[in-house]
Every structure is written in structure tokens, then in C-alpha cells.
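J.: generate coordinates for the sequence data below:
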Amino acid sequence: MNKKAVLKDVQAEPDSRNLYIDKVGVKDIKYPIIVLDKVNKTQHTTASINMYVDLPHSFKGTHMSRFIEILNEYRGEITVNNFSEILKRMLYRFEATTAHLEVEFPYFIEKMAPVSEAKGLMEYMCKYSGTLGEGNKKDLVLQVIVPVSTLCPCSKEISERGAHNQRGLIKVAFRFKDFVWIEDIITKVEGSASSPVYSLLKRVDEKHLTEQAYDKPMFVEDIVRETALNLMSMSEITWFRIEAENLESIHNHSAYAFLERTL
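T.: Residues are numbered from 1 along each chain as shown. Here you go, the predicted model:
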């Protein structure tokens with residue numbers, strides 16, 4: 001009768017260096033997830049996932065395959081609503097005291113051009129970051145990156161003909177006490193810039209947006225302040241961090257501003 005070979009579990013062996021590791025795990029796992037969609041209820045997308053746990057000083061390593069096994073347990077059911085459940089599962093499987101889960105994904109919204117009403121899909125990069133520690137202390141942060149258009153107030157003021165404008169990126173991260181739709185955040189952020197960005201525009205739309213931006217010139221300082229005021233009007237949000245970067249069209253650098261507040 002054949003006996004199964006007992007394979008040595010090297011990761012579980014003791015380690016004598018007496019050094020605790022804060023995070024150990026796997027990065028950049030491409031995996032299908034489901035995101036809640038305000039218009040269509042749900043949206044299927046592909047995420048890049050990072051998973052980590054802490055490692056006591058007494059253990060040589062952790063079992064990396066368990067991270068993938070946990071993902072497979074929640075296949076097709078990875079949403080913001082069960083983030084805490086997945087983190088708890090990680091704590092249990094690894095006998096850890098802290099678990100971290102980061103899920104970054106493209107989110108698509110159908111946007112209608114302002115004049116022609118031509119429809120196109122606009123991509124926004126989003127990221128959920130969750131941590132669960134001792135005493136079930138939970139921290140969940142949602143990040144959304146919104147492309148916008150800005151027009152320089154200084155250029156408009158000093159130029160006889162026109163003003164330089166450029167695309168910009170507004171990165172918003174926030175904590176919340178009640179559920180917040182990604183679409184609502186994007187609307188607040190786009191309203192804080194000179195004009196929104198679209199995936200499909202006709203000539204009448206280009207004329208409209210060019211003139212809209214000209215009538216609403218903004219520095220990066222204006223953008224973070226306006227975005228902050230718009231987010232402060234949302235009672236669900238308890239903390240936010242705003243980064244605005246203008247990808248300057250006539251300078252060999254980007255303009256940048258940062259603002260963080262606890263509400």
C-alpha cells in the first residue's frame with residue numbers, strides 16, 4: 001500500500017531573528033469583480049488586487065496560496081459590501097492580527113455629450129483599500145481618479161487672444177459612514193473644474209466645452225478648494241484627501257495641489 005509523502009512545510013518553521021513583519025502577501029492579482037452601479041445596479045470589471053497580513057516574529061513565512069484560495073471562495077461576489085467579510089476570512093485563515101485588501105479597477109460610465117448628446121463610455125480608475133485589525137477595528141477608503149479640463153486664470157488675464165488650457169487629474173480618497181455612489185463623487189469632482197472630459201464629442205460639443213472652460217478659469221488651488229467644498233456638502237463622508245494635478249500644456253512640468261480634511 002502506497003503512503004502519501006509528507007512534504008515539509010518550510011513557511012511554518014520557526015524563525016530566530018525575532019523580527020515581526022507588518023505586511024506580507026501577494027500583489028497585482030488580476031481578478032474579475034462586481035461593482036455596484038447606480039444606473040445598471042451592477043457592473044462587471046477586472047481588478048488588480050493586493051492582499052497582505054502581518055507575520056509574527058516566530059514564523060519564517062506565510063502560505064501565499066491561501067490568498068488565492070480566499071479570492072476563489074468569493075469569486076463573483078467581491079464587492080464593497082463584503083470587504084469586511086473577506087478581511088475577516090483572511091485573519092482566520094492566516095491566524096493574523098491585521099489584514100489588508102486593496103482592489104483597484106476601471107469603472108465605466110456612459111456619458112452624453114453636452115450639446116449633440118452623443119453617447120460614449122468614460123473610464124474612471126477607482127480603488128478600495130480596507131484594513132481590519134485587533135478588536136475588529138476596520139478602516140475602508142475609496143479612491144476615485146477623475147480626469148478634467150482646466151483653463152489658466154493668469155493666461156486668460158494677460159492674453160489678448162485666448163488662454164492656455166490642459167487636462168488635469170483630480171484624485172479623491174475618502175472615508176464614509178454611509179454608502180456613497182461612485183457616480184455622485186464623480187459629479188461633485190467634475191463640477192469643481194473648468195469643464196468635464198468626455199470620450200466622444202462633436203464640433204458643437206467642443207465649442208461648448210471650450211467656451212465653458214474659458215468662462216470658468218481655475219488654478220489647481222481653486223480645484224482642491226472647490227472639490228473640498230463640494231465633498232463637505234455630502235453628509236456620508238467623514239474624511240477626504242484631494243490631489244489635483246494639471247498636466248500643463250505650455251510648461252515642462254505639472255502644477256499640483258493637495259488638501260486633506262477630517263469632518
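J.: helices of the stretch 51-200 of the chain, start to end?
T.: 65-73, 83-94, 153-158, 182-190 (DSSP state H, counting those that start in this stretch).
J.: tell me which of these sits most buried.
T.: Burial of those is given as mean neighbour count (mean count of other C-beta atoms under 10 Å); helix 182-190 ranks first at a mean of 20. C-beta here means a position set from N, CA and C on the backbone, and glycine is covered the same way.
J.: against which helices or strands is that helix packed?
T.: Counting contacts by 3 or more C-beta pairs under 8 Å, 6 or more residues apart in numbering; DSSP states H and E, helix 182-190 is packed against strand 99-112, strand 119-132, strand 138-151, strand 165-176, helix 220-232.
J.: one step back: between the helices of the stretch 51-200 of the chain, which gets nearest to Pro147?
T.: helix 182-190 (9.1 Å; C-beta to C-beta).
J.: average model confidence for that closest one?
T.: Taken as a whole, helix 182-190 carries a mean pLDDT of 97.
J.: adding mean pLDDT and distance to Asp184, write the helices and strands packed on helix 182-190 out as JSON lines.
T.: Output for the helices and strands packed on helix 182-190, formatted as JSON lines (pLDDT from 0 to 100; distance: least, C-beta to C-beta, whole Å):
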{"stretch": "strand 99-112", "mean pLDDT": "97", "distance to Asp184": "11"}
{"stretch": "strand 119-132", "mean pLDDT": "97", "distance to Asp184": "12"}
{"stretch": "strand 138-151", "mean pLDDT": "97", "distance to Asp184": "10"}
{"stretch": "strand 165-176", "mean pLDDT": "97", "distance to Asp184": "11"}
{"stretch": "helix 220-232", "mean pLDDT": "98", "distance to Asp184": "10"}
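J.: between the ones you listed, which one is nearest to His251?
T.: Using C-beta to C-beta, the nearest of those to His251 is strand 165-176, at 9.1 Å.
J.: dump that closest one to CSV, restricted to CA.
T.: Output of strand 165-176 as CSV, limited to C-alpha atoms (Å, rounded to 0.1, in the frame of the first residue of the first chain):
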residue,chain,number,x,y,z
ASN,A,165,-5.8,75.1,-21.1
GLN,A,166,-5.0,71.5,-20.3
ARG,A,167,-6.3,68.2,-19.0
GLY,A,168,-5.9,67.6,-15.3
LEU,A,169,-6.4,64.7,-12.8
ILE,A,170,-8.3,65.1,-9.6
LYS,A,171,-7.6,62.2,-7.2
VAL,A,172,-10.1,61.9,-4.3
ALA,A,173,-9.8,59.5,-1.4
PHE,A,174,-12.5,59.4,1.3
ARG,A,175,-13.9,57.6,4.3
PHE,A,176,-17.6,57.3,4.7
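J.: for Val115, find the nearest of the helices of the stretch 51-200 of the chain.
T.: Here helix 182-190 is closest among these (C-beta to C-beta), at 16.6 Å.
J.: picking that back up, CSV please, covering the helices and strands packed on helix 182-190 and showing distance to Ile21 and mean neighbour count.
T.: What follows is the helices and strands packed on helix 182-190, written out as CSV (distance: least, C-beta to C-beta, whole Å; neighbours: other C-beta atoms under 10 Å):
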stretch, distance to Ile21, mean neighbour count
strand 99-112, 12, 18
strand 119-132, 16, 17
strand 138-151, 20, 20
strand 165-176, 26, 20
helix 220-232, 36, 19
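J.: wait, which of the ones you listed is closest to Pro56?
T.: strand 99-112 (13.9 Å).
J.: what's the angle between the closest one and strand 138-151?
T.: 30 degrees (axes from the mean of the first three to the mean of the last three C-alpha atoms, to 10 degrees).
J.: export the helices of the stretch 51-200 of the chain to a markdown table and tack on distance to Val204?
T.: Output for the helices of the stretch 51-200 of the chain, formatted as a markdown table (distance: least, C-beta to C-beta, whole Å):
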| stretch | distance to Val204 |
| --- | --- |
| helix 65-73 | 47 |
| helix 83-94 | 43 |
| helix 153-158 | 23 |
| helix 182-190 | 20 |
